[in-house]
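Asker: Below are the sequence and a predicted model; questions follow.
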Protein chains: 2
Amino acid sequence: MNMTELDTPAALIDAVQMDRNIARMQKRMDSLGVRFRPHVKTSKCFEVARRQRDAGAQGVTVSTLKEAVQFFDAGFDDVLYAVGIAKAKLPQARALRERGCRLTIVVDSLAAALAVVADGHGFEVMIEVDTDGHRAGVRPDEDRLIQIGRTLHEGGALLKGVMTHAGGSYALNTPEALTAMAEQERAGCVAAAERLRAAGLPCPEVSVGSTPTALSAHQLDGVTEVRAGVYVFNDLVMANVGVCGIDEIALSVLATVIGHQAEKGWALTDAGWMAMSRDRGTQAQALDYGYGAVCDASGAPIEGFIVSSANQEHGIVSWRDGSVCPDIEQRLPLGLQLRILPNHACATAAQFPTYSVLGAEGSVTTWERFHGW
Amino acid sequence: MNMTELDTPAALIDAVQMDRNIARMQKRMDSLGVRFRPHVKTSKCFEVARRQRDAGAQGVTVSTLKEAVQFFDAGFDDVLYAVGIAKAKLPQARALRERGCRLTIVVDSLAAALAVVADGHGFEVMIEVDTDGHRAGVRPDEDRLIQIGRTLHEGGALLKGVMTHAGGSYALNTPEALTAMAEQERAGCVAAAERLRAAGLPCPEVSVGSTPTALSAHQLDGVTEVRAGVYVFNDLVMANVGVCGIDEIALSVLATVIGHQAEKGWALTDAGWMAMSRDRGTQAQALDYGYGAVCDASGAPIEGFIVSSANQEHGIVSWRDGSVCPDIEQRLPLGLQLRILPNHACATAAQFPTYSVLGAEGSVTTWERFHGW
């Protein structure tokens, strides 16, 4: 199939650029001497994960038990479920392990550790460490880090190590700040591991990561593995953070111009927020792209145009600076195909049941992705 | 199944409240003397649409051709595709009509009208009218309204009428402004119809609607049908607009508390933005609910708590005023189920492949919804 034959809106992967993104990250991880465990919540697609594995990735990171089941069934048996486990989800996690999945779960409280131990299964468990105040986790210097470790270890769980995610890195935009955050993430997680070991507890694994820190770390001494997700596609938020160029974004939404409001300088497309997602991640960044940056069908940016507003199935394309494009009907005529670059690839990809994958030779194939919990 | 057995996050419909919302709207439309054509983009669920039809609705409104196909296959043969048709989608629209679907399509430009006529099929077509500057459409007083009408009529299409959507009503929040907008929507669309008729063109149908205007109109003289979607569930945006109460919201996300950051007054849940959607529709309204309002498992609001921030699979629940809840671990303990009311029901529902439907007797059944284009 050719791109012009696609029904729009469609989630278009530029496979050549995606392969470059995969190779870039793997090469970095190899040179830093760490294993790489991609976060597959971004793509929820086996073909994407296989390319990551073929490039050298080991295991996968998931954000839901559904992802764990789906990827295990597709042949990925080394799975880290990187969200604090709810007690009610332990039976599902246990069932998956009993089917042969090397599933690791995560806790960040004594109550959760006690629930895991009470199950009696002997789970492999990591303790989540908070290295940037962003979300979940135990701070490296808290007493309860040792209490949780001891509870797990003495209760019959396999204390596999510590993990952290410096999500605060998404708010940065200079190489210096990113490198400092990567070092903070590394040092905090290693410190937590050393405290556990000093207390006589096992802690073989030290797992860190986010796309911005993974692409900014100068050294990862003491770290055994890195996790990152969105790097596989990249997006406008990552471009604003400064870890990719606009031309390194491998995911776009193929849209069609369906109308105009010429007096306002608007072109309307069939890619509204249902296609782009409601993510407005660039709103708080230096360059606000609205609901997306506008490129022509070949992927070349059409300078100055963004999706300035969106309804469910309508995108409104206009000049970023708010002025009225005087010849919008000529510049973006009815029926024209556009590629819209997303703010946040994880959110935009989730709006689609399939990807349309554009290969080097110009033909398009379809890859499935899954949805829900 | 009982609600406590559900895997979380889950999209929970309170069927009793949904039925009340359906009855309220249908009663209004009956008393105003107009047909009601619900917009099924909100639910994308046959069971919901059947309840709307059983209450008296006639036909459905859709926002994509996939919805048109799905609903036609489920027995809804009177379908208005309320988004300006792209030329590339005409073959699909024609195929659906040739299967027996009474599909009506929409245009708002001479170029689109010419494309429809060139197809030669004899489509049923409505002209989209712009009554509030919100999005698409021809203004009632523009010369091209008559040109488009004449092009369709003389070119062999069936000119079925005019339609408009006063999406600008979402930005209002007083009964007076809403009633004025409803009258503006009505008067503008009727004026367009009268201009077409005065030019000797047929215009039997005058279709208007949005949930806020449908629930605020005092009279609909000259209107033949009304369309509305989100009223079936309601949401926090509609509560802020003032057309429903918080207790009239029939859709919520069932979540589980998975952790805490006690010093910050945070409870973490497993309903992040992947479950709630990225919609922040209340951000610009009088009362900002973050990513959602927090209720207990019975649906009663827990005053003061909102989902103040969200990651992909983590929701952060804290006090709305930004102060630190001193006993968050006791008030919202690990494992607790919560219902989170959404900003925008259309966006939140779209994140889920199924609904968990809570009936009057407390049992839960599953309804499918579809996804994609």
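Answerer: All right, it came through fine.
Asker: closest point of the stretch 201-350 of chain A to chain B, which residue?
Answerer: Taking CB to the nearest CB, chain B has its nearest neighbour within the stretch 201-350 of chain A at A:R278, 3.8 Å off. From N, CA and C alone the C-beta is placed, and that goes for glycine too.
Asker: Not counting sequence-adjacent ones, nearest residue to that residue?
Answerer: Spatially, and ignoring its direct neighbours in sequence, A:R278 is nearest to B:R278 (3.8 Å; CB to CB, 6 or more residues apart in numbering or on different chains).
Asker: residues in contact with the one you found?
Answerer: A:277-280, A:344, A:347, B:347 (CB atoms under 8 Å, 6 or more residues apart in numbering or on different chains).
Asker: 10 Å instead, please
Answerer: A:273, A:276-281, A:343-344, A:347-348, A:350, B:291, B:310, B:343-344, B:347, B:351 (CB atoms under 10 Å, 6 or more residues apart in numbering or on different chains).
Asker: Tell me how far the closest residue to A:A262 other than its chain neighbours lies from A:K87.
Answerer: Leaving aside its chain neighbours, A:A262 sits nearest to A:E329 (5.4 Å; criterion: CB to CB, 6+ apart). To A:K87, A:E329 is 59 Å away according to CB to CB, to the nearest Å.
Asker: Extract the residue ranges of the stretch 1-150 of chain A that are flagged as low pLDDT.
Answerer: Within the stretch 1-150 of chain A, not a single segment meets pLDDT under 70.
Asker: And the strands in it?
Answerer: A:10-14, A:35-36, A:60-62, A:78-84, A:102-107, A:124-129 (DSSP state E, counting those that start in this stretch).
Asker: can you give me the strands in the stretch 201-350 of chain A?
Answerer: Using DSSP E, counting those that start in this stretch, strands in the stretch 201-350 of chain A cover A:205-208, A:225-226, A:251-261, A:266-269, A:293-296, A:301-310, A:315-319, A:337-341.
Asker: Reformat those into a markdown table and put mean neighbour count and mean pLDDT next to each item.
Answerer: Shown next, in a markdown table, are those (neighbours: other CB atoms under 10 Å in any protein chain shown; pLDDT from 0 to 100):
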| stretch | mean neighbour count | mean pLDDT |
| --- | --- | --- |
| strand A:205-208 | 26 | 98 |
| strand A:225-226 | 24 | 98 |
| strand A:251-261 | 26 | 97 |
| strand A:266-269 | 27 | 98 |
| strand A:293-296 | 22 | 98 |
| strand A:301-310 | 19 | 97 |
| strand A:315-319 | 25 | 98 |
| strand A:337-341 | 25 | 98 |
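Asker: Let me have the ones you listed in TSV, extended by distance to B:A15.
Answerer: Formatted as TSV, the strands of the stretch 201-350 of chain A follow (distance: least, CB to CB, whole Å):
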stretch	distance to B:A15
strand A:205-208	44
strand A:225-226	46
strand A:251-261	35
strand A:266-269	36
strand A:293-296	42
strand A:301-310	31
strand A:315-319	34
strand A:337-341	37
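Asker: Export those strands as CSV, with columns for distance to chain B.
Answerer: Listed next are these as CSV, based on distance: least, CB to the nearest CB, whole Å:
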stretch, distance to chain B
strand A:205-208, 16
strand A:225-226, 18
strand A:251-261, 5
strand A:266-269, 6
strand A:293-296, 17
strand A:301-310, 8
strand A:315-319, 7
strand A:337-341, 9
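Asker: closest to B:T213 out of the ones you listed?
Answerer: Nearest of those to B:T213, taken as CB to CB: strand A:301-310 at 19.7 Å.
Asker: Report the distance from the closest one to the chain centre.
Answerer: Put simply, strand A:301-310 sits 24 Å off its chain's centre (CA atoms, centre = their mean, to the nearest Å).
Asker: which strands and helices sit next to it?
Answerer: strand A:266-269, helix A:273-276, strand A:293-296, strand A:315-319, helix A:328-331, strand A:337-341 (3 or more CB pairs under 10 Å, 6 or more residues apart in numbering or on different chains; DSSP states H and E).
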